[in-house]
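>>> turn this into a structure:
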Amino acid sequence: MPNRITLIVKCPDCSNTLMDETHQINGKASIKVNIVTENDRGVLWLCSVYGCVAHENDIELKENETVVFYCPHCNKSLMRDVECKMCNAKMVGFNIKTGGKVNICSRKGCENHYVVFEDLNSAISKFYHEYGVSG
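Here you go, the predicted structure:
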């Protein structure tokens with residue numbers, strides 16, 4: 001089985017961690033965010049392993065429903081002015097502790113996600129250092 005990378009993310013506005021050690025998914029700290037749907041508000045925990053779409057929530061989410069994400073610390077929106085190239089819903093953005101950003105689709109059921117690095121050389125160096133990967 002290939003190595004799986006656990007992303008440690010933080011809010012792009014207040015820089016507080018979004019990692020929840022007390023609520024693990026697949027044996028790893030989850031990413032905790034507040035969410036708002038058309039009819040409800042609650043908490044969503046996302047798997048922090050890159051590529052994994054497992055999640056848990058304390059409110060019911062309908063298939064194909066779009067959800068608005070907020071930081072649980074500063075309550076600022078995590079929504080970005082970027083649309084998903086697969087379903088046209090808004091993307092949600094998190095900053096990665098080692099540099100760069102990860103974006104995920106806000107629509108339940110859409111698995112589109114990607115990582116963006118502003119300075120690729122610096123980000124790769126930090127990434128290798130953080131995860132102990134040697135070239």
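>>> give me the most central residue, the protein.
Taking Cα atoms, centre = their mean, the centroid of the chain lies closest to Phe94, which sits 5.6 Å from it.
>>> ok, now how distant is that one from Glu38?
According to Cβ to Cβ, to the nearest Å, Phe94 and Glu38 sit 23 Å apart. All C-beta atoms are positioned from the backbone trio N, CA, C, and that covers glycine.
>>> go on, Leu78?
Counting by Cβ to Cβ, the gap from Leu78 to Glu38 is 18 Å.
>>> higher neighbour count, these two?
The neighbour comparison of Leu78 against Glu38 (other Cβ atoms under 10 Å) goes to Leu78, with 24 against 9.
>>> next one: that one from Asp20, what distance?
Note on Leu78: its distance to Asp20, by Cβ to Cβ, is 15 Å.
>>> go on, Phe94?
13 Å.
>>> give me the common contacts of those two.
Common contacts of Phe94 and Asp20 (Cβ atoms under 8 Å, 6 or more residues apart in numbering): Ile31.
>>> who does the helix or strand containing the residue nearest to the centre of the chain pair up with?
Secondary structure assigned from DSSP states H and E places Phe94 in strand 90-96. Strand 90-96 pairs in its sheet with strand 9-10 (antiparallel), strand 79-83 (antiparallel), strand 101-105 (antiparallel), by DSSP bridges.
>>> distance of the residue nearest to Gly42 when sequence neighbours are not counted relative to Trp45?
Counting by Cβ to Cβ, 6 or more residues apart in numbering, Ile59 is the residue found nearest to Gly42 once chain neighbours are left out, at 3.4 Å. Distance of Ile59 to Trp45, computed by Cβ to Cβ: 12 Å.
>>> out of the two, which sits in the busier spot?
Trp45 (21 against 14).
>>> what is the more buried one paired to in the beta sheet?
Those that pair with Trp45 in a beta bridge, by DSSP bridges, are Lys32, Glu56.
>>> and it, how far from Glu83?
Taken as Cβ to Cβ, the span from Trp45 to Glu83 is 25 Å.
>>> go on, Ile5?
26 Å.
>>> where exactly do the strands run in this protein?
Along the chain, the stretches classed as strands by DSSP state E are 9-10, 19-25, 28-36, 41-46, 55-57, 68-70, 79-83, 90-96, 101-105, 113-116.
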